[in-house]
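**Q** Fold the stuff below for me.
(chains A, B, C, D and E, ligands or ions: 5)
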Amino acid sequence: MKLLVLVIRRDLMLAMRRRADVLTTLFFFVMVVSLFPLGVGPEMDMLRKMAAGVLWVAALLSSMLSLGRLFATDYLDGTLEQMLLAPQSLSMLVLGKMIAHWMVSGLPLVLMAPVLGLQFDMSVQALGILIVGLLLGTPILSMIGAIGAALTLGLRGGGVLLSLLVLPLCIPVLIFGTGAVEAIANGQSVASHLSLLGAVLVLALVFTPWVTAQALRISME
Amino acid sequence: MKLLVLVIRRDLMLAMRRRADVLTTLFFFVMVVSLFPLGVGPEMDMLRKMAAGVLWVAALLSSMLSLGRLFATDYLDGTLEQMLLAPQSLSMLVLGKMIAHWMVSGLPLVLMAPVLGLQFDMSVQALGILIVGLLLGTPILSMIGAIGAALTLGLRGGGVLLSLLVLPLCIPVLIFGTGAVEAIANGQSVASHLSLLGAVLVLALVFTPWVTAQALRISME
Amino acid sequence: MLEVTKLACSRGDHRLFSGLSFRLEPGQILQVDGANGSGKTSLLRALCGFLMPDEGEISWGGISTAKMEEEFYAKILYLGHLNAIKDDLNALENLRIAAGISGCLLDEQQAVSALQRMGLRGRERLPTKVLSQGQRRRVALARLLVNQAKLWILDEPLTALDVGAVHLIETLLMEHLARQGMVIFTTHQPLQVPGLRTLSLS
Amino acid sequence: MLEVTKLACSRGDHRLFSGLSFRLEPGQILQVDGANGSGKTSLLRALCGFLMPDEGEISWGGISTAKMEEEFYAKILYLGHLNAIKDDLNALENLRIAAGISGCLLDEQQAVSALQRMGLRGRERLPTKVLSQGQRRRVALARLLVNQAKLWILDEPLTALDVGAVHLIETLLMEHLARQGMVIFTTHQPLQVPGLRTLSLS
Amino acid sequence: MAINWFKYAAPTNFYGLAGKLIPWFAGFSLVLFAAGMYIGFFVAPADAQQGEFYRIIFIHVPTSILSMVLYMVMAGYAALGLIFNTRLSAMMASAIAPTGALFAFISLWTGALWGKPMWGAWWVWDARLTSELILLFLYLGFISLHASIDDPRRADRASALLAIVGSVNVPIIYFSVKWWNTLHQGSTIKFSGTSMHVAMQQAMFTMLAALWLYALAVVLARVRSIILERERHTHWAQEVAA
Ligand code: HEM
Ligand SMILES: Nc1ncnc2c1ncn2[C@@H]1O[C@H](COP(=O)(O)OP(=O)(O)OP(=O)(O)O)[C@@H](O)[C@H]1O
Ligand SMILES: Nc1ncnc2c1ncn2[C@@H]1O[C@H](COP(=O)(O)OP(=O)(O)OP(=O)(O)O)[C@@H](O)[C@H]1O
Ligand SMILES: [Mg+2]
Ligand SMILES: [Mg+2]
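**A** Numbers count the residues shown, from 1 in each chain, chains lettered A, B, ... in the order given. Ligands and ions are numbered 1, 2, ... in the order given. Sure, this is the predicted structure:
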């Protein structure tokens, strides 16, 4: 438990030292979302329909972008070796890194989303559901992404390979998240979508730290 | 000139050392494009309208993502120091790296785009214009991106500079590129859009290598 | 305590060593010797479990280390070619985090005095990226001062160190041995420690 | 040829050295000496133009090096703490590319024989990431054998090298001096080269 | 018949066994393929609504089904390899991947060819189509991860982990996509299999069997070459090669 707190504090501290990286993720998110109206054209009706999808895809892409750094820097400077030699549970340590990653790259997106949603003329209700969905979904992205990040450690072109591995696995999250917003727009119940997201989150919390720890041990050999 | 060929060959060799590397850039592009329908919904009419925009944004994103590697690895392992000490023109060397980057990450996208366009049910004419636009536009993305990549090296706040500088600079490319496709869909002439893209390409070819070289010298200090 | 029997390692198609056996008891120090590429680093990494040996057994107090996992990690301190310090953090933060991960929490005072003993007075609060190569190595080596591990596994600890620092490391090793610690290390520079045994990888 | 007058450098708030003056003529070799963090690396990087000095002048044949740019780069070979080799390429490719960038194209035969002289026989075609620390340094040092530069600027060239390789480097330095070359370098290990001068950064 | 399975878990023994089996699998596959083609093209009648075009299902359906089955088989082998550290299982997994990917690709390709006349579009974002596409991506991810790692042991273990995670995800993907789609679009034309002509069924099952055997033969052949490559420094491998 102490280890968990230590690791989270450490990663947050590192992120604060490099505030630029955090801002870049956020900025990337904003840019992707804002580029769309430019690429697609200014018809409000169409924009409103695609809003949730665009925001979710942008969130997925920008959390992917920051995933590359999750273990890579620790790997390059030898810190990861030391972590693997920690006399405590590696899964716990990995969980700490996942949580820190989410706080740095997921949470800001969630906080930013309402502002961007307004640009697309989303209703307040839909915005609310979008936020809840993102709040449940972005941690899953961080956790599934961590597996990919661990598997691709030290490989050339790791960043892109990482996306290739992780994006297909993240698709259910995307679909449930946008599905919820769609449902509210059509006046249906959102409970099922959100509870599925919640279930996936719990599953991920239980299994991904262990899987990632195994992946790290494999990659270190 | 020899230096140019040497550098291009070197970077291509590095990319080819892992066949997966080139392919994964491409897969990333495919994934991004395929994610959008998943987020937005499967209605063909809407998809056809957004097709060009989605393809262009995806091309922009995937060439941005692979830009991270353009100078960073050379910086970390000390090769960049040696390049700055090359007794030949640094601009030429930089141009070589840009060309290689485009061949590895831009060209495959252009070749892949028609297949993806079909998924969105684009017309053959629109596809043709899309390809020509991408062919003119993706080198510009590589070249402008290189400036950002050079500035992000080691500089504090460089990450933000990259996004702040590069994405806005790339927006005209995006707009001309999608504009051309839009024009053909509406039966207007595409010549003006494409010739503007061509003009930007020539400008970029002339100025960006030099600017990037200066940025590298600044970053190295 | 540490016992290696008939160990064989290979990398790629290349057999590095085979039939390697030795024992290390409390208070003993062993230098692994050999030319560049003879497999010193590989041996040390195999001891840590980073590298799966082809054959042979590594055991600690009679139990195979592969089975002990975390329990064994609590007994060792590994310092590799890489310094395992974060460029963006300062020496103090680096040391406290490294110690925390290896299981002993330090307060600021302990960390400062360890760094000062390593000759980093006045540099404790600079981000380590501005430090010189030797100063960075010293930050990494400061872990030796704040660790309860019994077995030190050091891969070329003297890299980039000046003469004064080399003497300091010699002193530290002797203190550790006097506490019944064990050391296995590699180096290409001569090191004066009484009771030093060498193991040659031809 | 190389003349440094009243050079002063500082990093952050920290003045490393000031009023540093020396000359280096063809056939001369200069060792920059000093404890960890005394500014040796900074001095060498200032010579290459990577670091702007606070005061003073660096000139080559009477012309300020800052003004010469590419012309000066053709005269020097710099080898820093980093090896400047690509992990994914093999030793041969690394050497040929490095030579090409510094302006002399090598054929395969020349590169192979340089690598073999550096003791990498049989390792020429392995990706350098699998090489040992010392072997990687040897790949970097092979550039010394295929370069026409007059002035060698070497920052701790002996890092990670075994005894045999250290002797080899001594020989290379002597050959270079005999060709009227110049060397300025740092190291914390003793190096036997006749005519060696030292410059101490206290 | 008592077969000593453990004997064949060793790559060297398996090499010989596979060598003996391949000609049989390949031969039967060819015969069945010819038979399936014959029934499909000459015995089965033209479809009432779809004319001659429907005959593409004789390729499309078997490849679709096999692409999914092969993924599970691959993940199973990967899990075995990871848990029991048997080298042969990992080799089997990496030998299956290209064939699985090929089938997924053919399924997409034939589906697209069929879709143009049937739906008027090459591609529709329907649940089955989308999850098949994602399956192809999973295969490609597996293959690229394996190809990106030089050390064979690490490559085997890393990609095995990925395959297992993927297999947990495949059902989630399938249902999520299905659900996502049915929520706002149910208009995709469905072709019900119940009213199928007997000859059509026969052709389809014959083709399925033929492609199964083809997959077996190809996978075994690929495993043999992987074994040879991995064991190239051993005596027996050099003897075999010579
Ligand atoms: C790119 C386009 C297509 C893809 C990726 C695709 C994919 C698949 C997959 C994965 C299956 C097996 C799934 C299952 O058994 O439930 C399947 C089966 C089948 N597909 Fe397709 N398909 C495509 C186009 C089409 C078209 C255009 C038709 C006809 C209108 C069609 C008709 C069938 C039929 C009849 C089956 C047999 C299995 C069953 O009845 O459930 N497919 N396809
Ligand atoms: N894939 C491979 N194929 C062939 N040889 C390999 C492969 N991977 C590593 N090697 C060799 O294995 C050896 C690894 O040596 P190791 O790093 O253990 O040496 P070391 O004794 O620590 O050397 P140094 O003193 O230079 O640090 C090197 O000789 C290297 O060339
Ligand atoms: N921003 C800064 N503030 C204060 N001191 C700094 C700053 N940046 C660098 N320094 C100091 O400048 C010195 C740089 O030294 P340099 O790397 O030149 O040393 P060196 O003689 O090469 O040492 P070594 O033998 O360890 O390689 C170090 O003492 C470092 O602590
Ligand atoms: Mg070593
Ligand atoms: Mg130095």
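
**Q** Wasn't residue C:53 part of a strand?
**A** No. With DSSP: H, G, I helix; E, B strand; the rest coil as the criterion, residue C:53 is located in coil rather than a strand.

**Q** Please look at it and residue C:5 and confirm they touch.
**A** No. If you go by CB atoms under 8 Å, residue C:53 and residue C:5 don't touch, sitting 10.6 Å apart. Every C-beta, even on glycine, is put in place using the N, C-alpha and C of the backbone.

**Q** and residue A:83, what is it in contact with?
**A** By CB atoms under 8 Å, 6 or more residues apart in numbering or on different chains, the contact set of residue A:83 is A:74, A:90, A:93, C:101.

**Q** Show the buried residues in the residues you listed.
**A** Among the contacts of residue A:83, those classed as buried by 16 or more other CB atoms under 10 Å in any protein chain shown are A:74, A:90, A:93, C:101.

**Q** wait, which of the residues you listed is closest to residue D:167?
**A** Nearest to residue D:167, judged by CB to CB, of these is residue A:74 at 37.9 Å.

**Q** so that closest one is in which element?
**A** Applying DSSP states H and E as the criterion places residue A:74 in helix A:44-76.

**Q** in which helix or strand would I find residue C:5?
**A** In the assignment (DSSP H and E), residue C:5 maps to strand C:2-11.

**Q** So which residues on chain E come close to ligand 4?
**A** By the rule CB under 5 Å from the ion, no part of chain E lies against ligand 4.

**Q** I'd like the next helix or strand past the helix or strand bottoming out on mean pLDDT in chain E.
**A** Of all helical and strand segments in chain E, the minimum by mean pLDDT, DSSP states H and E falls on helix E:5-9, at a mean of 61. The helix or strand immediately downstream of helix E:5-9 is helix E:11-38, counting by DSSP H and E.

**Q** So which elements touch that following helix?
**A** helix E:5-9, helix E:87-119, helix E:198-230 (3 or more CB pairs under 8 Å, 6 or more residues apart in numbering or on different chains; DSSP states H and E).

**Q** The residue located most distally from the centre of chain A and residue A:121: what is the separation?
**A** Here chain A reaches farthest from its C-alpha mean at residue A:43, the gap being 29.5 Å by CA atoms, centre = their mean. The gap separating residue A:43 from residue A:121 is 11 Å, by CB to CB, to the nearest Å.

**Q** Same question for residue E:145.
**A** Separation of residue E:145 from residue A:121 (CB to CB) stands at 42 Å.

**Q** Settle it for me: which of those two has more neighbours?
**A** Using other CB atoms under 10 Å in any protein chain shown, the more surrounded residue of residue E:145 and residue A:121 is residue E:145, with 25 against 12.

**Q** And the helices in chain C?
**A** C:40-48, C:65-68, C:70-73, C:91-101, C:108-117, C:133-141, C:163-178 (DSSP state H).

**Q** which stretches of the chain have low pLDDT?
**A** All of this is about chain A. Applying pLDDT under 70 to chain A flags the ranges A:39-41, A:156-159.

**Q** try again with chain E
**A** In chain E (pLDDT under 70), the answer is E:1-9, E:47-51, E:180-196.

**Q** give me the residue from it nearest chain C.
**A** Residue nearest to chain C within chain E: residue E:233 (5.8 Å; CB to the nearest CB).

**Q** now chain A
**A** Minimum separation of chain A from chain C (CB to the nearest CB) falls at residue A:78, amounting to 2.8 Å.

**Q** mind listing what that residue touches?
**A** Residues counted as contacts of residue A:78 (CB under 8 Å, 6+ apart) are C:80-84.

**Q** So what does residue 85 look like in phi/psi?
**A** This is for chain A. Dihedral pair for residue A:85: phi -90, psi 10, per degrees, to the nearest 10.

**Q** Actually, chain C is the one I wanted.
**A** According to degrees, to the nearest 10, residue C:85 has phi -120, psi 150.

**Q** if we can go back for a sec, among the helices and strands packed on helix E:11-38, which comes closest to residue D:151?
**A** Here helix E:198-230 is closest among these (CB to CB), at 48.6 Å.

**Q** what does chain A put close to chain C?
**A** Counting by CB under 8 Å from any CB of the partner chain, the residues of chain A close to chain C are A:2-3, A:6-7, A:10, A:13-14, A:17-18, A:73, A:76-79, A:81-89, A:93, A:220-221.

**Q** Sorry, slip of the keys, the one I care about is chain E.
**A** Within chain E, the positions adjacent to chain C are E:153, E:233 by CB under 8 Å from any CB.

**Q** Tell me how far the nearest residue to residue C:75 once chain neighbours are set aside lies from chain B.
**A** Distance criterion CB to CB, 6 or more residues apart in numbering or on different chains; nearest residue to residue C:75, sequence neighbours excluded, is residue C:150 at 5.0 Å. Look at residue C:150 and chain B: by CB to the nearest CB, to the nearest Å, they are 35 Å apart.

**Q** Equivalent analysis for residue A:139, please.
**A** The gap separating residue A:139 from chain B is 19 Å, by CB to the nearest CB.

**Q** Could you tell me whether that residue really is in a helix?
**A** Yes. In this structure, residue A:139 lies within a helix as judged by three-state DSSP.

**Q** Look up the closest residue to it, ignoring the ones flanking it.
**A** Nearest non-adjacent residue to residue A:139, counting by CB to CB, 6+ apart: residue A:102, 4.9 Å away.

**Q** contacting residues around the one you found?
**A** Counted by CB under 8 Å, 6+ apart, residue A:102 has contacts A:138-139, A:142.

**Q** That one in helix, strand or coil?
**A** Under three-state DSSP, residue A:102 comes out as helix.

**Q** Okay, it and residue A:75: tell me how far apart.
**A** Residue A:102 sits 20 Å away from residue A:75, taking CB to CB as the criterion.

**Q** now swap in residue C:75 and tell me
**A** In terms of CB to CB, residue C:75 sits 24 Å off from residue A:75.

**Q** quick one: which of the two has more around it?
**A** The residue with more neighbours, out of residue C:75 and residue A:75, is residue A:75; 21 against 18, by other CB under 10 Å.

**Q** Contacts only, for the more buried one.
**A** A:153-154, A:219.

**Q** at 10 Å what do you get?
**A** By CB atoms under 10 Å, 6 or more residues apart in numbering or on different chains, the contact set of residue A:75 is A:81, A:83, A:149-150, A:153-154, A:158, A:216, A:219-220, C:82.

**Q** Redo those residues as JSON lines? Include distance to ligand 3 and secondary structure.
**A** Formatted as JSON lines, these follow (distance: CB to the nearest ligand atom, whole Å; DSSP: H, G, I helix; E, B strand; the rest coil):
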{"residue": "A:81", "distance to ligand 3": "23", "secondary structure": "helix"}
{"residue": "A:83", "distance to ligand 3": "26", "secondary structure": "helix"}
{"residue": "A:149", "distance to ligand 3": "32", "secondary structure": "helix"}
{"residue": "A:150", "distance to ligand 3": "34", "secondary structure": "helix"}
{"residue": "A:153", "distance to ligand 3": "29", "secondary structure": "coil"}
{"residue": "A:154", "distance to ligand 3": "27", "secondary structure": "coil"}
{"residue": "A:158", "distance to ligand 3": "30", "secondary structure": "helix"}
{"residue": "A:216", "distance to ligand 3": "32", "secondary structure": "helix"}
{"residue": "A:219", "distance to ligand 3": "31", "secondary structure": "helix"}
{"residue": "A:220", "distance to ligand 3": "29", "secondary structure": "helix"}
{"residue": "C:82", "distance to ligand 3": "16", "secondary structure": "coil"}
